[in-house]
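Visitor: sequence isn't available, so here's the structure alone:
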């Protein structure tokens with residue numbers, strides 16, 4: 001068996017599933033091309049990732065590259081006249097040869113940082129110049145060419161250039177403190193109590209308090225202009241979350257909180273302080 005020495009920047013592996021975008025079988029491929037005076041075979045146009053492509057096979061290498069004695073393969077994007085004057089498409093390419101002896105497809109792909117190919121108006125064709133040597137390809141023991149028949153394939157996946165972007169900016173820096181005095185703490189009950197609204201930066205806030213078995217305590221963003229606020233709480237937790245309030249559903253047991261010996265309640269009143277250290281906004 002003639003061993004195929006692939007280029008150092010090309011990765012090779014196998015799978016049983018055929019390529020999803022294009023596959024073609026050949027009989028006496030080299031003979032057909034030599035008699036026709038052509039250097040390469042060009043497939044019919046096929047669709048992949050929303051664009052039209054052609055698959056090219058050079059049975060004895062591409063004359064434009066130093067690949068004589070090897071099979072070269074490439075894909076070419078078509079219908080570029082419909083694209084903008086300045087355009088670029090980044091594609092991940094996989095090339096296939098069917099191993100008829102092992103009933104598997106050998107997959108070849110350029111690896112490393114160059115596995116994405118930049119198609120643009122000055123470079124509409126990309127591929128692998130030395131996919132497999134002709135000696136290894138012609139050796140029946142490798143399974144690529146059996147009874148003068150072979151099968152090639154290709155997969156094309158585009159990297160979508162549309163992306164989501166967010167920008168983070170600080171609205172206010174420094175301490176902003178709000179104090180709320182709550183009276184008649186022994187009769188909080190299960191209902192929710194709110195402080196009056198107070199401004200910090202260009203936003204309105206309030207404190208939310210409720211009783212029950214545990215005391216629940218939250219800071220709430222109440223600005224009507226914001227449907228899904230994002231705020232950052234510094235000392236308490238250090239997080240960014242798409243919620244309009246944040247706090248504790250079980251801040252303290254109510255019986256412990258109302259225990260005068262613990263010093264939290266004075267004259268049946270409690271004083272709650274909310275300190276907003278920094279506010280950041282995220283614009284999508």
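Guide: In hand now; what should we look at? All figures in this text were calculated on a predicted structure; none of them were measured in a lab. Numbers count the residues shown, from 1 in each chain.

Visitor: ok, what's across the strand from residue 180?
Guide: Beta-bridge partners of residue 180, counted by DSSP bridges, are residue 272.

Visitor: can you list the domain ranges for this structure.
Guide: Domain ranges of the chain: 10-159, 167-283, per automatic domain parsing.

Visitor: tell me the SS of residue 136?
Guide: helix (DSSP: H, G, I helix; E, B strand; the rest coil).

Visitor: quick check, it in contact with residue 143.
Guide: No. Judged on CB atoms under 8 Å, residue 136 makes no contact with residue 143 at a distance of 10.5 Å. Heads up, the C-betas are built off the backbone N, CA and C, glycines and all.

Visitor: pull up the overlap in contacts between the two.
Guide: Shared contacts of residue 136 and residue 143, defined by CB atoms under 8 Å, 6 or more residues apart in numbering, are absent.

Visitor: tell me how many other residues crowd residue 186.
Guide: Using other CB atoms under 10 Å, residue 186 has 11 other residues around it.

Visitor: for it, grab phi and psi.
Guide: phi -70, psi -10 (degrees, to the nearest 10).

Visitor: before we move on, what about residue 59?
Guide: phi -60, psi -30.

Visitor: how close does it get to residue 71?
Guide: Counting by CB to CB, to the nearest Å, the gap between residue 59 and residue 71 amounts to 6 Å.

Visitor: what of residue 131?
Guide: Here residue 131 is placed at a distance of 5 Å from residue 71 (CB to CB).

Visitor: next: residue 177.
Guide: Distance from residue 177 to residue 71, counting by CB to CB: 74 Å.

Visitor: likewise residue 17?
Guide: In this view, residue 17 and residue 71 are 22 Å apart by CB to CB.

Visitor: shouldn't residue 63 be in contact with residue 38?
Guide: No. Contact status for residue 63 versus residue 38: not in contact, 11.5 Å apart, counting by CB under 8 Å.

Visitor: good, wrapping up.
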